[in-house]
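S.K.: Quick one: sequence plus predicted model below, questions after.
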Amino acid sequence: MSALGLVVIAIGALCLYAYYLDRTVTQQFQGRRWTLPAQVYAAPLELYVGAPLPISELIAELARLQYRAALKLDRPGTYRRQDDRIDVALRATRFADEVRPAQVLTIVAGAHSIEALRDSAGQDIPILRLDPLLIGSIFPTHGEDRIVVTPADVPALLPEALKAVEDRKFDSHHGVDPQAVIRAMWVDLRSHQIAQGGSTLTQQLVKSYFLNSRQTMGRKVREALMAFALEAHFTKSDLMNAYINEIYLGQDGDRAVHGFGLASQFYFGKPLAEVDLAELSLLVALVRGPSYYDPRHHPERAFARRNLVLKLMADLKVITAQDAANATSRPLGVTSRAAGAYYPSYLDFVRRTLRRDYPESDLTQEGLKIYTSLEPRAQDDAEQTLDRELARLEKSRAATSASLDGAVVITSPASGDVIAIVGGRRIGYSGFNRALDAARPMGSVVKPFVYLTALETHRYNPASIVQDAPVDIRMSNGTHWRPLNFTRQTYGPVPLVRALAESLNQATVAVGMDTGVTHVAQTLQRFGLERAPAQVPALLLGAVNATPLEVAQLYTGLANGGYRMPLRAVRTVLSAAGQPLKAFALELTPIAQPDVVFEVDQMMQQVIERGTGRAARTVLPRDVVVVGKSGTTQDLRDSWFAGFSGSHLAVVWVGYDDNRPTGFTGAAAALAIWSRVLASLGTTSWSAAMPDSLTEVSIDYLSGLQIEGTCANADTIRIGVPVSTQLAKMPGCIAAAAPSLAERLAERLRAIIHQ
Amino acid sequence: MMIRVAVLFLFASLAACRSLLSPERPPNPPPESAATAAPSGAAPPAAAPAPPIPTRQYRLGSAASALVAQAHTRAAAGDYPAATATLERALRIEPENPLAWIELGRVQLASGNAAQADHMGHKALGLATGDPNAQAAAWRLIAESLRARGRNEEASAANAHADLLVPH
């Protein structure tokens, strides 16, 4: 065959190859859709007159949302504070149920709460939400995460900066810049390796979108042909927008940060539209090497490269020299923690919730928007409290090298919203999630359910006298079970309320055996325990495993007047287009009589006032009523505290992962954390209305005898018992003078006037 | 004139004394059994004593009221999920207010979830101690939720509870 023939064949083959590439590139790129990981949002903060939100908290929330303090509210994402008044230029925001346009809002806040809320025209606004904080995304296993932006979301300077730094002839070339290629080849030949870039933005896009990262000569040719094909079929602005969304700009553990939209959130915690010149230049600087120039790990390299970008832009007159000089003097300004993936323990629960309804691919690819109940303030406080208190406890005991760990779950009991989950001590670490996966023996936190079951028989009331005496139960295998009290003492006849408050094991077993272990097991399942517990007498003292989240579910029924509601992390799922796909609405299931639940709650109030939870009183404000129960398991392996106020329910577990003894009771370790968590929430009192079937009586806490008048040496508590309950009276009391007829008449008239 | 005033005072005193000295509490109907599988309307009250004295009157604050108004608009447009979401916001602000629960129950009923409406009515009833108006509203919600399920007799009984609290 002649040489000419070979050349013809070669050209023909090249043409065919080019045609094939052209088809491939065009088709793939035409139908391109980036895989969009679901974005997860925290609960937006509600602003209204009277909202318990001091000005300091408000400023902290604005900072969390990356609102910038400014003298002039010239763009969304800025705010201005003058004494107790804050003017905020709110961003346009999509909530689960509506889109709010950008607007200016005036907030007047005092030391404790919001005092006024006005729009830009000075009109009062009854209620308004701040933006929901983006707390992370659910990205696929290959880790590509991005937030897609449209040209309208992109600062006009960004394409200009990219052209100035990466590809000056972008507007005129056909995908390849021959001069740049020759220059690069020359450098490569001299250094005997392929190192020099010389790629146009189009080639970089091709490389990232279609090819793997190996550098070979054949691949270079393919890249050039594909870039050429792209340029032939798509406009420059299309290609620029694709580049801005596609390019790799950082790494966060398993998560690869793609596109400028996410990079802006990742490094600065704010939308791309809001970055200033210095920030924009840093993002452009990262294109060349996101790990080499990582501003969090190599700030000096990032700083130099950013300033080089500014200089190049000034040289090409993209920006003025003055602007460049100003920006050059600015610090890098990256946030200390990567935006998103703030709260891995919480996201873990969100992911598990959604996996029941959505295939993994929908979560990682379809751009869903997930609105959750997370309250960042509560979550941050709980994380810090857990770590700080565990460190203090370890110090107090000169604990072993292994690290004491723990978990915290906080919910809003009236709605079933889970507002915070701390899965362990290491903040922001997505490892073993103790809140969801550490199923440990419940110990005495099970006891309220023993007493609730007993009260349901109507053979007991909170003042009933029970015997705390040595217990000896013969088991079916012939062994004997002889549980002791924690103090190893025996207390004799005690009222039910005291048996619970002081967590007396012997009295509890007596009540539980009389009530029936089977019934107690059924109660636990009714309140939401999913596994059927083993029906053994030791169940009465908490020989049943539960995770902190499960304990929170069980206590929800107690906090909620006898209604169970599923604990919810996710409120709403929206499609990428903003269509509601699923709402997890509030759901009530009646599981116990409200009066019985009220009695148990009042008994648990004495845990805090007089029992094992007394230490909480030194931490919580004196006038805040809370109820709860401690739990300690055998050899002090697990330390629990579970309880609630009017507005919050919290469960704390402390222990070692390898189950060794901690040396701490529930009251010593978990309670210290629990009470500080509740105090930091600024919680409200437990104040359930007493059901009409109950009546309040005064009894002596120690003996359970009813008090009428004034009794010497009595420790009086007021407690609800069923109407018509007959109680033994405390002897030796001086009858109090009954209110005179005149006094009673006056009171009655007041009631009538009130009516 | 003086005599009339004196007579009136005497009557008022007698009425007050009677209720003061009577050992019974105002006949608020006890909250219905929540643990029963199907919350049933209680039996109609045997007698019809005077309406109870209110000791409190629930109102929604301005924030929750604004949300309730918005929820009404959304429910009227048939967008029950959005109405529900709006009422849940109100409930987060005033979780102990029976009126918020009653509003949420009404939307549940309108969207065809009568059982949830029933539960929310009972939940509201438990919170409404001392407020006959709120209790009556809760009973009427319960009555409607029963009627929606064809349980007309129980519905009438629930309505009778409401009438007793706040006569028509």
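M.R.: Thanks, I have the structure now.
S.K.: residues touching A:Leu286, list them.
M.R.: Applying CB atoms under 8 Å, 6 or more residues apart in numbering or on different chains to A:Leu286 gives the contacts A:Leu249, A:Gly250, A:Ala263, A:Tyr293, A:Asp294, A:Pro295, A:Ala302. All C-beta spots, glycine's among them, are computed from the backbone N, C-alpha and C.
S.K.: got those as JSON lines, with distance to A:Val466 and pLDDT columns?
M.R.: Formatted as JSON lines, these follow (distance: CB to CB, whole Å; pLDDT from 0 to 100):
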{"residue": "A:Leu249", "distance to A:Val466": "67", "pLDDT": "93"}
{"residue": "A:Gly250", "distance to A:Val466": "63", "pLDDT": "92"}
{"residue": "A:Ala263", "distance to A:Val466": "65", "pLDDT": "93"}
{"residue": "A:Tyr293", "distance to A:Val466": "71", "pLDDT": "94"}
{"residue": "A:Asp294", "distance to A:Val466": "65", "pLDDT": "94"}
{"residue": "A:Pro295", "distance to A:Val466": "66", "pLDDT": "94"}
{"residue": "A:Ala302", "distance to A:Val466": "69", "pLDDT": "94"}
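S.K.: top of the residues you listed by neighbour count?
M.R.: A:Ala263 (26 neighbours; other CB atoms under 10 Å in any protein chain shown).
S.K.: tell me which element A:Phe349 falls in.
M.R.: helix A:344-355 (DSSP states H and E).
S.K.: Quick check: of the contacts of A:Leu286, which lies closest to chain B?
M.R.: A:Ala263 (32.2 Å; CB to the nearest CB).
S.K.: Does that closest one touch A:Val257 like I think?
M.R.: Yes - contact criterion CB atoms under 8 Å: A:Ala263 and A:Val257 qualify, at 5.6 Å.
S.K.: so what sits against both of these two?
M.R.: A:Leu249, A:Gly250.
S.K.: can you map out the helices along chain B?
M.R.: Remark: helices assigned in chain B by DSSP state H are B:2-21, B:62-76, B:80-93, B:98-110, B:114-127, B:132-148, B:152-165.
S.K.: Can you name the residues of the stretch 1-150 of chain A sitting close to chain B?
M.R.: Residues of the stretch 1-150 of chain A lying close to chain B (CB under 8 Å from any CB of the partner chain) are A:Glu46, A:Tyr48, A:Val49, A:Gly50, A:Ala51, A:Ala96, A:Asp97, A:Glu98, A:Pro126, A:Ile127.
S.K.: let's see 10 Å
M.R.: A:43-44, A:46-51, A:95-98, A:114, A:117, A:124-129 (CB under 10 Å from any CB of the partner chain).
S.K.: Just the buried residues of the residues you listed.
M.R.: Among the residues of the stretch 1-150 of chain A next to chain B, those scoring as buried are A:43-44, A:46-49, A:51, A:95-97, A:114, A:117, A:125-129 (criterion: 16 or more other CB atoms under 10 Å in any protein chain shown).
S.K.: So which of the residues you listed belong to helices?
M.R.: Among these, no member lies in helices (by DSSP H).
S.K.: count of residues packed around A:Asp387?
M.R.: When neighbours are counted by other CB under 10 Å, A:Asp387 registers 18.
S.K.: could you say which helix or strand contains it?
M.R.: helix A:376-397.
S.K.: mind listing what's buried in that helix?
M.R.: Result for helix A:376-397 [16+ other CB under 10 Å]: buried residues A:376-383, A:385-387, A:389-390, A:393.
S.K.: could I get the contacts of A:Leu286 as a markdown table with secondary structure?
M.R.: Putting these into a markdown table (DSSP: H, G, I helix; E, B strand; the rest coil) gives the following:
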| residue | secondary structure |
| --- | --- |
| A:Leu249 | strand |
| A:Gly250 | strand |
| A:Ala263 | helix |
| A:Tyr293 | coil |
| A:Asp294 | coil |
| A:Pro295 | coil |
| A:Ala302 | helix |
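S.K.: Can you tell me which of these comes closest to A:Ala38?
M.R.: Nearest to A:Ala38 among these, counting by CB to CB, is A:Ala263 at 18.7 Å.
S.K.: Let me see the contact set for that closest one.
M.R.: Shown in contact with A:Ala263 (CB atoms under 10 Å, 6 or more residues apart in numbering or on different chains): A:146-147, A:244, A:247-250, A:257, A:272, A:275, A:282-283, A:286-287, A:290, A:339.
S.K.: residues from the stretch 251-400 of chain A in reach of chain B?
M.R.: A:Tyr371, A:Ser373.
S.K.: quick one on the thing from earlier: out of the contacts of A:Leu286, who's nearest A:Gly367?
M.R.: A:Ala263 (17.5 Å).
S.K.: on that earlier part again, can you tell me the average pLDDT over the helix holding A:Asp387?
M.R.: Per-residue pLDDT values over helix A:376-397 give a mean of 90.
S.K.: same check, this time on stretch A:544-564
M.R.: 97.
S.K.: Only alpha carbons, please: show that stretch as PDB.
M.R.: The C-alpha coordinates for stretch A:544-564 follow below in PDB (Å, rounded to 0.1, in the frame of the first residue of the first chain):
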ATOM      1  CA  VAL A 544     -33.700  -3.800  79.200                       C
ATOM      2  CA  ASN A 545     -31.500  -2.200  76.600                       C
ATOM      3  CA  ALA A 546     -32.400   1.100  75.000                       C
ATOM      4  CA  THR A 547     -30.600   3.800  73.200                       C
ATOM      5  CA  PRO A 548     -30.700   7.400  74.300                       C
ATOM      6  CA  LEU A 549     -33.000   8.200  71.400                       C
ATOM      7  CA  GLU A 550     -35.400   5.300  72.400                       C
ATOM      8  CA  VAL A 551     -35.400   6.600  76.000                       C
ATOM      9  CA  ALA A 552     -36.400  10.000  74.700                       C
ATOM     10  CA  GLN A 553     -39.200   8.300  72.800                       C
ATOM     11  CA  LEU A 554     -40.400   6.500  75.900                       C
ATOM     12  CA  TYR A 555     -40.300   9.700  78.000                       C
ATOM     13  CA  THR A 556     -42.200  11.600  75.300                       C
ATOM     14  CA  GLY A 557     -45.400   9.900  76.400                       C
ATOM     15  CA  LEU A 558     -44.800  11.000  80.000                       C
ATOM     16  CA  ALA A 559     -44.000  14.600  78.900                       C
ATOM     17  CA  ASN A 560     -47.100  14.700  76.800                       C
ATOM     18  CA  GLY A 561     -50.000  13.800  79.000                       C
ATOM     19  CA  GLY A 562     -50.100  10.200  77.900                       C
ATOM     20  CA  TYR A 563     -49.900  10.700  74.100                       C
ATOM     21  CA  ARG A 564     -47.200   9.100  72.100                       C
END
